[in-house]
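Visitor: A predicted structure for the sequence below; I have some questions about it.
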2 protein chains.
Amino acid sequence: MTVKTRLFVDQPLAEGNRVSLTREQAHYLFGVMRMAVGGAVALFNGRDGEWHGDIVEAGKRGGVLECAAQMRPLHMPPDLWLCFAPIKKTRTDFIVEKATEMGAAKLCPVQTDFTNSERIKQERLQAHALEAAEQCGATYVPEVTALQKLGTLLDRWPTERQLMFCDEAELGAATSLARATRGPWAILIGPEGGFSPAERARLHALEQSHVVSLGPRILRADTAAVAALTLWQSALGDWTT
Amino acid sequence: MTVKTRLFVDQPLAEGNRVSLTREQAHYLFGVMRMAVGGAVALFNGRDGEWHGDIVEAGKRGGVLECAAQMRPLHMPPDLWLCFAPIKKTRTDFIVEKATEMGAAKLCPVQTDFTNSERIKQERLQAHALEAAEQCGATYVPEVTALQKLGTLLDRWPTERQLMFCDEAELGAATSLARATRGPWAILIGPEGGFSPAERARLHALEQSHVVSLGPRILRADTAAVAALTLWQSALGDWTT
């Protein structure tokens, strides 16, 4: 039996476990989707894989599901961070959605010299990642970290983590990922105005940096994020069979 | 001098040529951007490259620009078609915008067995491609063709045009583009529900087909379009230096 509706629940999933729904989830399942006791949805919590959940109680303000069987094990994305400078609301939402679909493990908003926004709505972005995971069939939800300054991030850069730095200004100096090694990685995407000269100098000097080109046209930050994730996944991630 | 505002005009561009603005363009330049006689914008028409245009007349309902000098020659994208099944309005707009940025030559909406929409607003999509070209610095605007049935498109498939067919169901059978040859190409992206079994059989049988995988997660059609364009551009297009 194919179960199409997927729900994220922050509760342990195991055979026979009962899971209670939030008011919003109850409204969605019973009000919007017109489901009822006897129906089934797919449940995941980011840790225990995907479970078949039978609806055992359905109310206006809540409901209970019972875990029947695991349908799929947890599929972790590669150990990849996507570091990006937040842009306009809808395009930042888009980056979060796409990075979840493409398989990043952690989403790190960074404030750069040319970033416009001083703050982000971390909870809203996290909810957006969760919704994207519900829709794309992922069993894992990437964590959205708090906004941090690029300088601070680089000060504490982990020795073992390689960095794919997408520099629009450096088409000629770009290297290929074909000879890069697997392991912990991060992708860094700049804001619409690119990086400042000081930031570029620092990023080029960073031992873990790999400068990668995204072609001769100027890409919007959200396009650049998907393109960079594609290059990385196909060269070093889980897109190879 | 850097000229930031770019305008598409469907008129010949050459030294000394005068170009008249539409009412909307005049409103944008003089009303929204507060520009005036003596200011300058970048002009392109998809054929003659990018030109420095001086504002010589500015009115509420129109205006005139004079071409001073060519700033950049025409940069044609590779001979690549993006064939896609139209989806929800905003996501179809997104595909058109992204394909323009990524460098496709032609955008071909196709109706598949599982496509929801029976019609597209071809003119609106063309205007969207044009606006994307204005914003991403392209000197070329891809043509948006009329909606056609996938079957009809395949009936007349040009012998010399290779096809990158992104089949979610065939992760194991996927081939790499690394050994593919350059030349005329097309990318085909299916609708949210994928291709029908009959369509898949026909696409697999097509001599020009290369089956390509976009990873183990289910991608939305708009994400798949950007990912496929990235794989193609980096293997066979103009992303290599």
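Guide: Thanks, I have it.
Visitor: drop to CA atoms for contacts and neighbour counts, all remaining ones
Guide: Fine.
Visitor: residues touching the residue nearest the centre of chain A, list them.
Guide: When Cα atoms, centre = their mean is applied to chain A, the residue found nearest the centroid is A:Thr100 (3.2 Å). Residues touching A:Thr100, when contacts are defined by Cα atoms under 8 Å, 6 or more residues apart in numbering or on different chains, comprise A:129, A:132-133, A:138, A:141-142.
Visitor: Next up, phi/psi of it, please.
Guide: Comment: the main-chain dihedrals of A:Thr100 come out as phi -70, psi -50, following degrees, to the nearest 10.
Visitor: Check the spacing between it and A:Val141 real quick.
Guide: Computed as Cα to Cα, to the nearest Å, the A:Thr100 to A:Val141 distance reads 7 Å.
Visitor: Can you work out which residues contact both of these two?
Guide: Where contact means Cα under 8 Å, 6+ apart, the residues bridging A:Thr100 and A:Val141 through contact with each are A:129, A:133.
Visitor: So which of the contacts of A:Thr100 reach chain B?
Guide: Filtering the contacts of A:Thr100 for proximity to chain B by Cα under 8 Å from any Cα of the partner chain leaves A:Ala138.
Visitor: out of the contacts of A:Thr100, who's nearest B:Thr92?
Guide: For B:Thr92, the closest of the contacts of A:Thr100 turns out to be A:Ala132, at 18.1 Å, with distances computed as Cα to Cα.
Visitor: quick one: low-confidence ranges for chain A?
Guide: Where chain A drops to pLDDT under 70, the residues are A:1-3, A:169-175, A:241.
Visitor: near chain B, which residues of it?
Guide: Taking Cα under 8 Å from any Cα as the criterion, the neighbours of chain B within chain A are A:98, A:101-103, A:136-138, A:171-172, A:213-220, A:223, A:226-227, A:230-231, A:233-234, A:238-241.
Visitor: Is A:Phe165 in contact with A:Gly194, as I believe?
Guide: No: taking Cα atoms under 8 Å as the definition, A:Phe165 is not a contact partner of A:Gly194, at 11.5 Å.
Visitor: which residues in chain A form helices?
Guide: Using DSSP state H, the helices assigned to chain A run over residues A:23-26, A:89-102, A:122-136, A:150-155, A:197-205, A:221-236.
Visitor: how about TSV for the ones you listed, with distance to B:Ile87 added?
Guide: Shown next, in TSV, are these (distance: least, Cα to Cα, whole Å):
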stretch	distance to B:Ile87
helix A:23-26	26
helix A:89-102	17
helix A:122-136	16
helix A:150-155	37
helix A:197-205	39
helix A:221-236	18
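Visitor: for those, which one sits closest to B:Lys89?
Guide: Go through those one by one with Cα to Cα and the one that ends up closest to B:Lys89 is helix A:89-102, at 15.1 Å.
Visitor: I'd like the distance between the nearest residue in space to A:Thr145 that is not next to it in sequence and chain B.
Guide: Taking Cα to Cα, 6 or more residues apart in numbering or on different chains, and ignoring the residues beside it in sequence, A:Thr145 has A:Cys108 as its nearest neighbour in space, at 5.2 Å. Separation of A:Cys108 from chain B (Cα to the nearest Cα, to the nearest Å) stands at 20 Å.
Visitor: Next, the contact list for A:Cys108, please.
Guide: Contacts for A:Cys108 were tallied using Cα under 8 Å, 6+ apart; they are A:81-84, A:144-148.
Visitor: and if you look at A:Asn17?
Guide: Applying Cα under 8 Å, 6+ apart, we find A:Asn17 in contact with A:66-67.
Visitor: how close does it get to A:His27?
Guide: As judged by Cα to Cα, A:Asn17 and A:His27 stand 22 Å apart.
Visitor: ditto for A:Asp10
Guide: Plainly put, A:Asp10 is 18 Å away from A:His27 if you go by Cα to Cα.
Visitor: My guess is A:Arg18 contacts A:Ala68. True?
Guide: No: checked against Cα under 8 Å, the pair A:Arg18 and A:Ala68 is beyond contact range at 9.7 Å.
Visitor: got a list of what the nearest residue to A:Ala105 once chain neighbours are set aside touches?
Guide: Ranked by Cα to Cα, 6+ apart and with sequence neighbours excluded, the top spatial neighbour of A:Ala105 is A:Pro142, at 4.8 Å. If you count contacts by Cα under 8 Å, 6+ apart, A:Pro142 has them with A:100, A:104-107, A:129.
Visitor: if we can go back for a sec, higher neighbour count, A:Phe165 and A:Gly194?
Guide: Neighbours of A:Phe165 and A:Gly194, each counted by other Cα atoms under 10 Å in any protein chain shown, are more numerous for A:Phe165; the result is 23 against 20.
Visitor: wait, A:Ala104 sits on A:Met76?
Guide: No: when contacts are counted by Cα under 8 Å, A:Ala104 is not listed as touching A:Met76 (9.2 Å).
Visitor: Tell me the residues that contact both of the two, please.
Guide: With Cα under 8 Å, 6+ apart as the test, A:Ala104 and A:Met76 reach no residue in common.
Visitor: Same drill for these two, tell me which one is more crowded.
Guide: When neighbours are counted by other Cα under 10 Å, A:Ala104 and A:Met76 differ, and A:Ala104 comes out ahead with 26 against 18.
Visitor: In contact with that one: list those residues for me.
Guide: For A:Ala104, the contact set (Cα under 8 Å, 6+ apart) comprises A:77-82, A:142.
Visitor: cutoff 7 Å now
Guide: A:77-78, A:80-82, A:142 (Cα atoms under 7 Å, 6 or more residues apart in numbering or on different chains).
Visitor: Closest one to chain B out of the residues you listed, please.
Guide: The shortest gap between chain B and any of the contacts of A:Ala104 belongs to A:Pro77, at 9.7 Å (Cα to the nearest Cα).
Visitor: what about the closest one, how many neighbours?
Guide: Close neighbours of A:Pro77, defined as other Cα under 10 Å, add up to 23.
Visitor: Does it touch A:Met102 like I think?
Guide: No: in this structure A:Pro77 lies outside contact range of A:Met102 using Cα atoms under 7 Å: 8.7 Å.
Visitor: roughly how far apart are the nearest residue to A:Phe30 once chain neighbours are set aside and chain B?
Guide: The shortest distance from A:Phe30 to any residue other than its chain neighbours is 6.2 Å, reached at A:Ala36 (Cα to Cα, 6+ apart). When Cα to the nearest Cα is applied, the distance between A:Ala36 and chain B equals 25 Å.
Visitor: how does chain A divide into domains?
Guide: A:6-72, A:80-236 (automatic domain parsing).
Visitor: Same list, those, but as TSV with distance to B:His204 please.
Guide: Supplementary listing: the domains of chain A in TSV, determined by distance: least, Cα to Cα, whole Å:
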stretch	distance to B:His204
domain A:6-72	29
domain A:80-236	22
